[in-house]
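>>> let's see this in three dimensions:
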Amino acid sequence: MTELHDTTDDRWRVGHLGRLMGLALRRFDERVLSLMAHDANVPLALSNLAAREQIGAAHIHITRHLGLQGSRLTELAQSAGMSKQAMGDLVTQCEAWGLVQREADARDARARRIVFTETGLLWLEAFRQAVVQAEAEFRAQVGDDVATVVTLGLEAYGSEAPGARAAVTSR
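Reported below is the predicted structural model:
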């Protein structure tokens with residue numbers, strides 16, 4: 001028989017692991033975007049979009065998941081855990097901003113690949129540098145030992161998620 005939980009105590013709703021990870025991810029992504037908004041190497045138009053919060057965590061999915069040699073829309077959506085339609089909308093927006101472009105797939109004439117543009121590669125490098133700085137700030141705040149344990153724990157826990165194997169092997 002299931003034991004009833006005290007319904008007057010709902011602290012568990014705001015303190016469980018999933019919520020804490022979500023809050024940490026949101027904070028991390030916001031910090032990365034803030035750093036990118038102030039990066040002199042990011043094209044001014046993109047920097048302004050980031051500063052005005054027009055580029056958000058959803059757009060980071062493309063930056064995180066688009067292969068350096070390009071990806072098909074289906075692969076990109078699957079890797080990011082999004083629907084093909086939602087990813088298509090993001091790709092269209094990023095294409096308008098000059099971050100990516102669609103080109104013919106050399107392996108299949110019917111298919112298209114999404115690839116970074118020159119501007120997109122600058123954006124990707126700014127993203128890499130911002131991630132490095134945000135990770136260093138996290139380490140400084142919680143200490144090296146805790147940061148290492150958190151990283152190892154998240155790698156172990158996340159290794160079973162769809163698309164995780166590709167993410168871990170590309171590191």
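
>>> ok, L20 to A156 distance?
L20 sits at a distance of 17 Å from A156 (criterion: Cβ to Cβ, to the nearest Å). In short, each C-beta sits where N, CA and C put it, glycine included.

>>> and if you look at Q101?
37 Å.

>>> between those two, which has more neighbouring residues?
Q101 (17 against 9; other Cβ atoms under 10 Å).

>>> so where do the strands sit in this protein?
100-105, 108-116 (DSSP state E).

>>> what would those strands look like in TSV with distance to E137?
Output for these, formatted as TSV (distance: least, Cβ to Cβ, whole Å):
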stretch	distance to E137
strand 100-105	28
strand 108-116	26
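
>>> so which of the ones you listed gets nearest A77?
strand 108-116 (10.4 Å; Cβ to Cβ).

>>> so what's the gap between the closest one and the chain middle?
Its chain's average C-alpha position is 22 Å from that of strand 108-116, according to Cα atoms, centre = their mean, to the nearest Å.

>>> which elements pack onto it?
Packing partners of strand 108-116 (3 or more Cβ pairs under 8 Å, 6 or more residues apart in numbering; DSSP states H and E): helix 73-80, strand 100-105.

>>> wait, what's in contact with A136?
By Cβ atoms under 8 Å, 6 or more residues apart in numbering, the contact set of A136 is empty.

>>> related to what we said a few turns ago, mean pLDDT and distance to V115 added to the helices and strands packed on strand 108-116, as a markdown table?
Below are the helices and strands packed on strand 108-116 laid out as a markdown table (pLDDT from 0 to 100; distance: least, Cβ to Cβ, whole Å):
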| stretch | mean pLDDT | distance to V115 |
| --- | --- | --- |
| helix 73-80 | 90 | 11 |
| strand 100-105 | 93 | 6 |
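
>>> for I60, list the residues it contacts.
Applying Cβ under 8 Å, 6+ apart, the residues contacting I60 are D29, V32, L33, F127.

>>> least confident of these?
Lowest pLDDT among these: L33, with 85.

>>> what number of residues lie near it?
21.

>>> same check on the one 3 residues further on?
Using other Cβ under 10 Å, M36 has 24 neighbouring residues.

>>> mind checking how far it is from W123?
8 Å.

>>> shared neighbours of the two, anything?
Contact criterion Cβ under 8 Å, 6+ apart; residues bridging M36 and W123 by contacting each: V42, L46.

>>> neighbours around E95, how many?
Neighbours of E95 (other Cβ under 10 Å): 15.

>>> show me where pLDDT drops low in this structure?
1-6, 43-45, 47-54, 57, 162-171 (pLDDT under 70).

>>> what number of residues are in the vicinity of the closest residue to H65 other than its chain neighbours?
Nearest residue to H65 in three dimensions, chain neighbours excluded: S79, at 4.2 Å (Cβ to Cβ, 6 or more residues apart in numbering). Neighbourhood size, S79 [other Cβ under 10 Å]: 20.
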